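Asks: After the sequence you'll find the predicted model.
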Number of protein chains: 4
Amino acid sequence: MKNLNIGMIGYGFMGKAHTNGYAQAPHFFPCEVKPVLKAVCARNAEKAQAFADTWGYESIETDWRELLKRDDIDAVDICVPNNLHKEISIAAAEAGKMILCEKPLAMNQAEGEEMCAAVEKANVRNMVWYNYRRVPAVTLAKQLIDEGRLGQIFHYRANFLQDWTINADVPQGGAATWRLDAEAAGSGVTGDLLAHCIDTALWLNGSIQDVSAVTETFVKERVHAETGKKTPVKIDDACTFHCHFKNGSLGLFESTRYARGHKALYTLEINGEHASIRWDLHDCHRLEYFDHADDSIVRGWRSIHVSDGDQPYMGNWWVPGLQIGYEHSFIHQVADFLKSVETGEDCHPNFRDALETQKVCDAVLDSAAQRCWKDV
Amino acid sequence: MKNLNIGMIGYGFMGKAHTNGYAQAPHFFPCEVKPVLKAVCARNAEKAQAFADTWGYESIETDWRELLKRDDIDAVDICVPNNLHKEISIAAAEAGKMILCEKPLAMNQAEGEEMCAAVEKANVRNMVWYNYRRVPAVTLAKQLIDEGRLGQIFHYRANFLQDWTINADVPQGGAATWRLDAEAAGSGVTGDLLAHCIDTALWLNGSIQDVSAVTETFVKERVHAETGKKTPVKIDDACTFHCHFKNGSLGLFESTRYARGHKALYTLEINGEHASIRWDLHDCHRLEYFDHADDSIVRGWRSIHVSDGDQPYMGNWWVPGLQIGYEHSFIHQVADFLKSVETGEDCHPNFRDALETQKVCDAVLDSAAQRCWKDV
Amino acid sequence: MKNLNIGMIGYGFMGKAHTNGYAQAPHFFPCEVKPVLKAVCARNAEKAQAFADTWGYESIETDWRELLKRDDIDAVDICVPNNLHKEISIAAAEAGKMILCEKPLAMNQAEGEEMCAAVEKANVRNMVWYNYRRVPAVTLAKQLIDEGRLGQIFHYRANFLQDWTINADVPQGGAATWRLDAEAAGSGVTGDLLAHCIDTALWLNGSIQDVSAVTETFVKERVHAETGKKTPVKIDDACTFHCHFKNGSLGLFESTRYARGHKALYTLEINGEHASIRWDLHDCHRLEYFDHADDSIVRGWRSIHVSDGDQPYMGNWWVPGLQIGYEHSFIHQVADFLKSVETGEDCHPNFRDALETQKVCDAVLDSAAQRCWKDV
Amino acid sequence: MKNLNIGMIGYGFMGKAHTNGYAQAPHFFPCEVKPVLKAVCARNAEKAQAFADTWGYESIETDWRELLKRDDIDAVDICVPNNLHKEISIAAAEAGKMILCEKPLAMNQAEGEEMCAAVEKANVRNMVWYNYRRVPAVTLAKQLIDEGRLGQIFHYRANFLQDWTINADVPQGGAATWRLDAEAAGSGVTGDLLAHCIDTALWLNGSIQDVSAVTETFVKERVHAETGKKTPVKIDDACTFHCHFKNGSLGLFESTRYARGHKALYTLEINGEHASIRWDLHDCHRLEYFDHADDSIVRGWRSIHVSDGDQPYMGNWWVPGLQIGYEHSFIHQVADFLKSVETGEDCHPNFRDALETQKVCDAVLDSAAQRCWKDV
């Protein structure tokens, strides 16, 4: 048994989700490598300590540079706003730490390329938290595609719909709403939500060739949480794009935070020659599957309750019929990362995989700004 | 081409549904026998004439005995309250008319036996309007069972849930609410709704051996529409029973008019060794099907959109994906009846088939009254 | 009571659907104007006669010009391929006939404008068969929007997915597959399927300002049914576009005949400030509705079974819980047309309404061809 | 902060589920009382040690009597087959330990009464693991009922359907299949599955007055895992009962392990005067709700995605739209138990609450055996 000492930077929503992954993975996924919650780092010492107490972190730091200097830290987990990913990642690589970076990788492609160069030069293990690949139903979709069950792909369709910013009184900036502040987030739904859709799409359906996008900002000004002043909103509230995949299929993507009634509805659908697949995050334990090879009189979309032992990851959980939830995707990602440390193999998506998503995001934003098609 | 002259008795909800069947069947189901709307009969001449005008009946009668005397009537369709079925049916049989009788066959088993004896003695073609057998999804269920896809049956489950009598101000008796009046209806949900469930069950799963039932009347008194007086309600508002089928399976049935939120939710489910089937009337164009023979990782309930040309009756309608509705079950029953006249074969369910349902209803009501099991 | 003599041109799928509308409307929707099936016209006399026999047309014609000459024809119904709409419509207008033209209005905007000019000059009643406006659930959606229940609209989303042309052996051209032949159809899914989505969208959400589209033809060559030769396919197999509506909302549309598992899945969703709406053709009797004004702990998408007497058109059908189907949208359109003849008001969508859809289709096809945004 | 030292007896499915509850509750539900995994007890020392290593138990025991002697154990958690509940519980009570006992409480009512007497005499805190009360959607149902939203209740309906014993080669007895062995389990689906349905029903809808039941054993003999011999199966494979609740509503319950296609489908539905509620375990994060007070044209069943901060327990988890799963019900029960230790209030269901469920189970089994109604 070998310890892997974790240094967590940030304690927000994602800090909690990742930490839960470290806490739970060893309970369900046997591995020779065991994560140890060594330190959590945040500017506010009191909040950092409270988080450490809740989760059992052994120590705290208030400056991430100090964390990187510590010899007892093997891996750093970056859970801070997007505008800090690059600096911390490059420093961590130079300090020889493994890096688990929250998505999106960076503010843009240029930053992402620097980051890739840094981790590859330092030869440190790196991973990006595109967690949805490890929802068992999505992993099963990948398996079905790899088995050739769908045949030639004609259409890939994904959207990520939310409704939490419809109220014009929601501020931008600050700890709770930095995702509305272009300075901290880089972009709006494109980097936050579409990035997830794109990562999954590249994994399931291969590279994207070119894109044509449109973005919209419905609420033009919001109070900034730090200044208290009404300032222009510079992020995209909504973004839609269509694209060509290199395999000849058409893609259609949409994201918005103005879809009343949808809390976090990430859906995807893939139409192939022989079969089709559908999934949505609001019922993330199910996969819809249509197989044209079924007898014609009993053909129909199957609703697969992904909870059996022969389905991805599920043999390590409960018994058939008992569903898992959102947080388990992070537990699976930790389990796979630990296993990769044990075996020495790469754990995907790594920084370079995530750079591909970044390239598509940049092309999407450029396309929308210039009202024309853009190659990726 | 041969005409079949129809004499319709009654012009209410069922008179309209059956008449629509006669009007539409020849448009979609080619047959050498063609129904002619010869006469409609009702006590109120004005209403009868209005109905005749709308639907194209050639004439009216105000006394069903007169209708039966007419030589130009080949078949009578009985769409009046249950307490009149016996008298009219026996007279029609004696007059040598074919009979299409609305369900339930009779007020009770004893009446039903007299009616069977009469039609069999007279050797007249007879049929009862248990229309749900001819919803394409239900007919498909029958086909799947007959093909052996389900294997040994373990469970049969059906219910019929409504909510239209929760309001205690709904009266009993009269033209609109005779179904709440025991004098006219014989029973409440048992004869009205469970009779449908039982007919389908006997058709799909064979005979019932014994039953154990409970009934309830939630609103004890209602104003009678004809007298204006509050009188005790003698029908069953709700009825539940379990039973043994002769094939060894267990049955579970429920009906009520107090299930808030359900307008007319007839559902059935059959669990077999190899496969299971589900259907409900609120989405009557779909059949749910689970096949254990599917590969385990992609097993799931299939939602079959029954609208393809190789599915029962659907080749005569539109194109795949375009649903039909409630009324079409009657059109199919008319089409099958006309075809039976052409071929000389029986058209089921006939009076004797419907008598079996009547026997189960009687056993159910007896069981509830006596709080014990009853053999059918 | 006044007769309206119908001359039907064509006897295919739409000829049957419209004729059923004429046959059924008077049974369910009382009106002073009554359609009479006077004549059906088709080049093949034998097939025309068979159709006339089935449906009760009093006579046949084999040349539509002869039909237009007859004084006993009040209205002509055009159910022939798109490339004939213009010529027949203009001649019919000049002959003073009312016109009920199958959608899309024309091969393109230029044709449509000539047709509008002709009917307006002749001052003849005209209507186009965009039937989905009269599916009760869609009509209810219109009512909810008009009542202001949704507030400001942010997103309009629609798609129409089929899978019947995936097989490369499906031919193009000929009576059964003229929709794959650009000569007869003008375009592929854009004019056939997206035209429906666009008509509904313009009705529910107002004008479209500009569009950005992509089209694809997956099977590049198909045998032509008339020549037997393999020739290039010139229609669009799939088409996606995003757009700005004039009310500031974003639109996203997609159609394809390569979506395995979807027979005829027309779906639409509208996200407003206060509420959202969803509908799909495969369960066309339901409307999904989310109302943000509901108490937060019990907020959720409502599945409305549109079968109650106070919902559009449903008071004329059966009782709550009993669904209607696809064909009823045509019956409703006939009923509304007859009522418009009675009252003298316009019946929408008329030619000019349908021209707006044609303009969007043209902009979509231009945008796809030129890979740029196009104003409508 | 005060420690609560846990001694776990058993390490099977439930041992894992409960231990996960102890591990996770402090991460999400702040409390002054903190569980400490002090010891796990099992006859097989090697397996006990492996379990201790995985979950962090500080020590092991191989004899539960030794565990009860230890002063460093505050509470024992009983996760062994039903036939051992009584003896261990009574000894634990006498040893002054708090008791958390897996359901069902006992083999029968008589045992249950002894157990209640013991814990009440010893005045030790006691609880039974009917975990489904703490699925947030079910807890929300309780809240809605308590707020009076349903009004008078007419119907309560529940079933628990599985399909894992259809194969006649599944053995009875032994560690994995003791639930099929009447010696170890007491009964079949009645004590295993219906007990859950009954506990929830008593909580949501009050006491049951009388019952009428039927049971069935489809596979009459199975190999016993310990003896290797084919012996008669004495448990009930399936059980159905109807009943009267004391509030005047009718109940209908069913459970089976022969419902092909259902892995663990616990469903419940409650029909009230004003509103109805539905829930099922396969999508346990949703509650269906119908409110008759909604405007009639937009009335429909709402599908509530129970993941918002103002819904039970969910404020302690992630963000709206992100579902939790099966295991969380145990975490909630631990959290509530710890809070009860902190506040000194009872935590329900306690032994006496669970005895009520036991009484209903006994009446159900008696009714089935004697084919008559039984008072509870």
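Replies: Received it, and whenever you're ready, just let me know what you need.

Asks: Look at whatever residue of the stretch 101-250 of chain A ends up closest to chain B and say how many residues are nearby.
Replies: Residue nearest to chain B within the stretch 101-250 of chain A: A:Leu140 (6.6 Å; Cβ to the nearest Cβ). No exception for glycine: its C-beta is placed from N, CA and C like everyone else's. Under the neighbour criterion other Cβ atoms under 10 Å in any protein chain shown, A:Leu140 is assigned a count of 23.

Asks: ok, it touching A:Asp308?
Replies: No. The criterion here is Cβ atoms under 8 Å, and A:Leu140 misses it with A:Asp308 at 10.2 Å.

Asks: Identify the contacts common to those two.
Replies: B:Ile297 (Cβ atoms under 8 Å, 6 or more residues apart in numbering or on different chains).

Asks: Name the nearest residue to the spatially most central residue of chain A, sequence neighbours excluded.
Replies: Residue closest to the mean C-alpha point of chain A, counted by Cα atoms, centre = their mean, is A:Tyr130 at 2.6 Å. Once flanking residues are discounted, A:Tyr130 sits nearest to A:Asp199: 4.0 Å by Cβ to Cβ, 6 or more residues apart in numbering or on different chains.

Asks: ok, that neighbour to A:Leu105 distance?
Replies: 10 Å (Cβ to Cβ, to the nearest Å).

Asks: got it, and A:Gly344?
Replies: Counting by Cβ to Cβ - A:Gly344 and A:Leu105 are separated by 23 Å.

Asks: Among these two, which residue is more densely surrounded?
Replies: Neighbours per residue (other Cβ under 10 Å) separate A:Gly344 from A:Leu105, with A:Leu105 holding more: 35 against 7.

Asks: So A:Leu287: helix, strand or coil?
Replies: strand (DSSP: H, G, I helix; E, B strand; the rest coil).

Asks: Next, the contact list for it, please.
Replies: Applying Cβ under 8 Å, 6+ apart, one finds that A:Leu287 lies in contact with A:Ala137, A:Val138, A:Leu140, A:Ala141, A:Ile277, A:Arg278, A:Trp279, A:Ile304, A:Val306, B:Gly300.

Asks: Whichever of those residues end up buried, select them in ChimeraX.
Replies: Burial among the contacts of A:Leu287 is assessed by 16 or more other Cβ atoms under 10 Å in any protein chain shown; the matching ChimeraX selection reads:
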select /A:137,138,140,141,277,278,279,304,306 /B:300
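
Asks: Give me the subset of the contacts of A:Leu287 lying in strands.
Replies: A:Ile277, A:Arg278, A:Trp279, A:Ile304 (DSSP state E).

Asks: on that earlier part again, would you check which pair of the contacts of A:Leu287 lies furthest apart?
Replies: A:Val138 and B:Gly300 (15.7 Å; Cβ to Cβ).

Asks: Which secondary structure state does A:Gln311 sit in?
Replies: Once three-state DSSP is applied, A:Gln311 turns out coil.

Asks: I figured A:Glu216 hits A:Asp236, correct?
Replies: Yes. Applying Cβ under 8 Å, one finds A:Glu216 in contact with A:Asp236, separated by 7.0 Å.

Asks: And these two? Which one has more around it.
Replies: A:Asp236 (26 against 20).

Asks: wait, that one sits on A:Ala368?
Replies: Yes. Contact criterion Cβ under 8 Å: A:Asp236 and A:Ala368 qualify, at 7.3 Å.

Asks: near chain D, which residues of the stretch 51-200 of chain A?
Replies: A:Thr54, A:Trp55, A:Gln162, A:Trp164 (Cβ under 8 Å from any Cβ of the partner chain).

Asks: one step back: mind listing the shared neighbours of A:Asp199 and A:Leu105?
Replies: Shared contacts of A:Asp199 and A:Leu105, counting by Cβ under 8 Å, 6+ apart, come down to A:Ala354, A:Thr357.

Asks: Just the pLDDT at A:Ala106, thanks.
Replies: With respect to pLDDT, A:Ala106 has a value of 97.

Asks: try A:Ala175
Replies: So A:Ala175 comes in at 84 (pLDDT).

Asks: Correct me if wrong, but A:Ile60 is in a strand.
Replies: Yes. Assessed by three-state DSSP, A:Ile60 belongs to a strand.

Asks: What about it, how many residues nearby?
Replies: 22.

Asks: residues touching it, list them.
Replies: Counted by Cβ under 8 Å, 6+ apart, A:Ile60 has contacts A:Ala39, A:Val40, A:Cys41, A:Ala42, A:Ala45, A:Ala48, A:Gln49, A:Ala52.

Asks: Tell me how far it lies from chain B.
Replies: A:Ile60 is 44 Å from chain B, where distance means Cβ to the nearest Cβ, to the nearest Å.

Asks: element containing the spatially closest residue to that residue that is not a sequence neighbour?
Replies: Spatially, and ignoring its direct neighbours in sequence, A:Ile60 is nearest to A:Ala48 (4.2 Å; Cβ to Cβ, 6+ apart). Assigning secondary structure by DSSP states H and E places A:Ala48 in helix A:45-55.

Asks: who touches the residue located most distally from the centre of chain A in this structure?
Replies: The C-alpha centroid of chain A is most remote from A:Ile297, which lies 40.1 Å away (Cα atoms, centre = their mean). Neighbouring residues of A:Ile297 by Cβ under 8 Å, 6+ apart: B:Leu140, B:Gln143, B:Leu144, B:Ile304, B:Asp308, B:Asp310, B:Gln311.

Asks: Look up the closest residue to the fourth one, ignoring the ones flanking it.
Replies: The reference is to B:Ile304. Nearest-residue entry for B:Ile304: A:Gly300, 3.8 Å, with adjacent residues in sequence omitted and distances by Cβ to Cβ, 6+ apart.

Asks: which residues does the one you found contact?
Replies: Contacts of A:Gly300 by Cβ under 8 Å, 6+ apart are A:Phe290, A:Asp294, B:Leu287, B:Tyr289, B:Arg302, B:Ser303, B:Ile304, B:His305.
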